[in-house]
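Trainee: from the sequence below, what's the structure:
(one chain, ligands or ions: 1)
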Amino acid sequence: MDNYIIRDQNAISEIMKLRFNPLVARSAKGIYITDCSGKRYIDFSANWSVANTGYAHPDIIEVIKQQLEKLSFASTCSLINEESVELAEQLIQRMPGDFSKKVWYGSSGSDANEMIYKAISMADKKNKILTFVGSYHGQTLGSYSMSGHPMQSKSYSGNVIKIPYPYCYRCPFQKKCDSCNLFCLNYLEGYILHMACSVEHIGAIVAESVQCDGGDVPMPSGYLKGLEKLCREYDILLIIDDVKIGCGRTGDFFSFESENVIPDAVVIGKPIASGQPLSVVVGRKELLDVESGLHLFTTGGNPVSCAAAIATIRLIESEKLAKNAACIGALMLQNLKKLAEKFEIIGDVRGRGLVIGIEIVKDRKSQKPEPLMAQMISYQAYEKGLLLYTVGLYSNVLEITPPLIISEEQAMQGISILEDAIWCVKEGKFDESKLKEFSGWGIS
Ligand code: PMP
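Mentor: Numbering: from 1, shown residues only. A predicted model of the protein is given here:
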């Protein structure tokens, strides 16, 4: 039987699904995914920001093949392997900060943030962690507790306190971003650090400098630097979650480089090994050596993933992918802002490098979130040959995170398909019932 849609429905657990369309991916190359009928799609999602170097890059394939023949597996827990040491040394060198650092390996962004959750309270005996409303840090219990996305508010929150994210389009304090003077940062210092709990119990602040699953919202200029200052003043560790936007996507290898910030640790995942499972925490030696065997996984830091990561970093450098992300990202942002002028339902277009969010609303004045409309546009775009998903606190933000190898021509082609999809949905040509099983995080 060739009907994988039905077979998937019958065989694959619903609790691991987040589906926006019924695409059966058979192959992929560059920025394109091809389905089982041979139809080709431009991938504006990079499979949730994993395919930074594009699909099937010949260098990555070659390195993986060679590594499989040389040493297909060695558990970093109990054996030293050359690739994991090489990669760790490279990442330590790349990470700013004049202090001793070490590297931890896992297989997913979730297990890496889980490590942060466990290690923080042990490192300095301060048991509280501050994270942001709207943040996404993972699905394991600790990383889930740290997350502030509404879809992840179903679990208990452990020792985590959630603070307001600087979401300027929907400012939690009803301020205007050009005149607020970062009021939210003052609120954090003046209120949270003194009232929500005693500041000497706060071990760390964990932050995404562009909140992706929360709606692709970049921190306003100066916010991260201000956060770093507060952390230094109150002796709090600053942890940056770069799982989704690291490895070149924002225009720099690490997202915090543009603000000249030096975090105590950075969490990396998704694109680091071009699709091979690998997550990494690079950070202060004291934190990463807190207790032997505290957080280990049999396949974490395996040699095939590490070799793929070394090749990925090499490609980011040699193909100047961060620079491409900055240039094409700026161009796309400019064109999407022009597109917004044509549609009252586009409330906001924002981004940094190749992480861009298009917020769909009822109209610009009310700013009322329109998740159904966003979902319909995503599905309609899929039918026209473009893949993009929805994110956001209200599931009403179209996320654009293409592979970093994308060319200007491909980017413009994708935007033109998107425009076409928006017209169709606006004209009422889309059959809503198609969304029954394909509405991502849900339409509320
Ligand atoms: N951190 C961030 C910022 C993420 O966006 C995600 C995934 N969306 C995670 C952590 C969790 O990563 P994973 O799905 O690999 O566990």
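
Trainee: pick out the residue of this structure closest to the ligand.
Mentor: Gly109 (2.3 Å; Cβ to the nearest ligand atom). For the C-beta atoms, the positions are set from N, CA and C on the backbone; glycine is no exception.

Trainee: for the biggest helix by length in the chain, name the packing helices and strands.
Mentor: The residue-count maximum for a helix in the chain (DSSP state H) belongs to helix 321-342. When contacts are defined as 3 or more Cβ pairs under 8 Å, 6 or more residues apart in numbering; DSSP states H and E, helix 321-342 packs onto strand 346-352, strand 355-360, helix 408-426.

Trainee: just send these back as JSON lines, with distance to Gly248, mean neighbour count and mean pLDDT too.
Mentor: Output for the helices and strands packed on helix 321-342, formatted as JSON lines (distance: least, Cβ to Cβ, whole Å; neighbours: other Cβ atoms under 10 Å; pLDDT from 0 to 100):
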{"stretch": "strand 346-352", "distance to Gly248": "12", "mean neighbour count": "22", "mean pLDDT": "98"}
{"stretch": "strand 355-360", "distance to Gly248": "11", "mean neighbour count": "26", "mean pLDDT": "98"}
{"stretch": "helix 408-426", "distance to Gly248": "16", "mean neighbour count": "18", "mean pLDDT": "98"}
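
Trainee: so which of those comes closest to Tyr389?
Mentor: strand 355-360 (11.2 Å; Cβ to Cβ).

Trainee: wait, does the closest one contact the ligand?
Mentor: No. If you take Cβ under 6 Å from any ligand atom as the test, strand 355-360 misses the ligand, and the best it gets is 10.4 Å.

Trainee: show residues contacting that strand.
Mentor: 49, 169, 210, 212, 215-218, 244-245, 249-250, 329, 332-333, 336, 340, 345-351, 369-371, 373-374, 377, 391-392, 396-401 (Cβ atoms under 8 Å, 6 or more residues apart in numbering).

Trainee: rerun that using 7 Å as the cut-off
Mentor: Applying Cβ atoms under 7 Å, 6 or more residues apart in numbering, the external contacts of strand 355-360 come out as 169, 210, 212, 215-217, 245, 249-250, 329, 332-333, 336, 345-351, 370, 373-374, 377, 396-401.

Trainee: likewise for stretch 361-377?
Mentor: By Cβ under 7 Å, 6+ apart, stretch 361-377 touches 170, 344-345, 347, 360, 390, 394-398, 421-422, 425, 430, 432, 435, 439-440, 443-444.

Trainee: okay, it in PDB with CA atoms only?
Mentor: C-alpha atoms of stretch 361-377 as PDB (Å, rounded to 0.1, in the frame of the first residue of the first chain):
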ATOM      1  CA  VAL A 361      -4.800  40.000  12.400                       C
ATOM      2  CA  LYS A 362      -8.400  41.000  11.800                       C
ATOM      3  CA  ASP A 363      -7.400  44.500  10.900                       C
ATOM      4  CA  ARG A 364      -4.500  46.800  11.900                       C
ATOM      5  CA  LYS A 365      -6.500  48.900  14.200                       C
ATOM      6  CA  SER A 366      -7.900  46.200  16.400                       C
ATOM      7  CA  GLN A 367      -4.800  44.000  16.200                       C
ATOM      8  CA  LYS A 368      -7.100  41.000  16.900                       C
ATOM      9  CA  PRO A 369      -5.200  37.800  16.200                       C
ATOM     10  CA  GLU A 370      -6.600  35.700  13.300                       C
ATOM     11  CA  PRO A 371      -5.200  32.200  13.800                       C
ATOM     12  CA  LEU A 372      -7.700  30.600  11.400                       C
ATOM     13  CA  MET A 373      -6.700  33.000   8.600                       C
ATOM     14  CA  ALA A 374      -3.000  32.300   9.300                       C
ATOM     15  CA  GLN A 375      -3.600  28.600   9.100                       C
ATOM     16  CA  MET A 376      -5.500  28.900   5.900                       C
ATOM     17  CA  ILE A 377      -2.700  30.900   4.300                       C
END
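
Trainee: buried residues, that stretch. List them.
Mentor: 361, 369-377 (16 or more other Cβ atoms under 10 Å).

Trainee: picking that back up, buried residues, the longest helix of the chain. List them.
Mentor: Within helix 321-342, the residues scored as buried using 16+ other Cβ under 10 Å are 321-322, 324-326, 328-329, 332-333, 335-336, 339-340.

Trainee: and the ligand, which of the buried residues of stretch 361-377 contact it?
Mentor: Among those, not one lies near the ligand by Cβ under 6 Å from any ligand atom.

Trainee: I'd like those as a markdown table, with secondary structure and pLDDT appended.
Mentor: Formatted as a markdown table, the buried residues of stretch 361-377 follow (DSSP: H, G, I helix; E, B strand; the rest coil; pLDDT from 0 to 100):
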| residue | secondary structure | pLDDT |
| --- | --- | --- |
| Val361 | strand | 98 |
| Pro369 | strand | 98 |
| Glu370 | coil | 97 |
| Pro371 | helix | 97 |
| Leu372 | helix | 96 |
| Met373 | helix | 97 |
| Ala374 | helix | 98 |
| Gln375 | helix | 97 |
| Met376 | helix | 97 |
| Ile377 | helix | 98 |
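
Trainee: where along the stretch 51-200 of the chain do the helices fall?
Mentor: Here the stretch 51-200 of the chain has its helices, by DSSP state H, counting those that start in this stretch, at 58-70, 82-94, 109-124, 141-146, 183-187.

Trainee: give me the below-cutoff pLDDT ranges for the stretch 151-300 of the chain.
Mentor: Low-confidence segments of the stretch 151-300 of the chain (pLDDT under 70): 155.

Trainee: what residues does it put near the ligand?
Mentor: By Cβ under 6 Å from any ligand atom, the residues of the stretch 151-300 of the chain that approach the ligand are 208, 212-213, 241, 243-244, 269-270.

Trainee: residues touching the residue of the chain closest to the ligand, list them.
Mentor: Neighbouring residues of Gly109 by Cβ under 7 Å, 6+ apart: 138, 243, 267, 269-270, 279.

Trainee: what about it, distance to Ile360?
Mentor: Here Gly109 is placed at a distance of 26 Å from Ile360 (Cβ to Cβ, to the nearest Å).

Trainee: which among the helices of the stretch 51-200 of the chain is found nearest to Ile15?
Mentor: helix 141-146 (13.0 Å).

Trainee: hang on, the earlier thing: confidence score at the residue of the chain closest to the ligand?
Mentor: If you check Gly109, the pLDDT there is 98.

Trainee: adding distance to Lys126, write the helices and strands packed on helix 321-342 out as a markdown table.
Mentor: Output for the helices and strands packed on helix 321-342, formatted as a markdown table (distance: least, Cβ to Cβ, whole Å):
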| stretch | distance to Lys126 |
| --- | --- |
| strand 346-352 | 31 |
| strand 355-360 | 32 |
| helix 408-426 | 45 |
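
Trainee: which stretch among the ones you listed comes nearest Met16?
Mentor: Met16 lies closest, by Cβ to Cβ, to one member of those: strand 355-360, at 24.2 Å.

Trainee: the closest one vs strand 346-352, what angle?
Mentor: Orientation of strand 355-360 against strand 346-352 (axes from the mean of the first three to the mean of the last three Cα atoms, to 10 degrees) gives an angle of 170 degrees.
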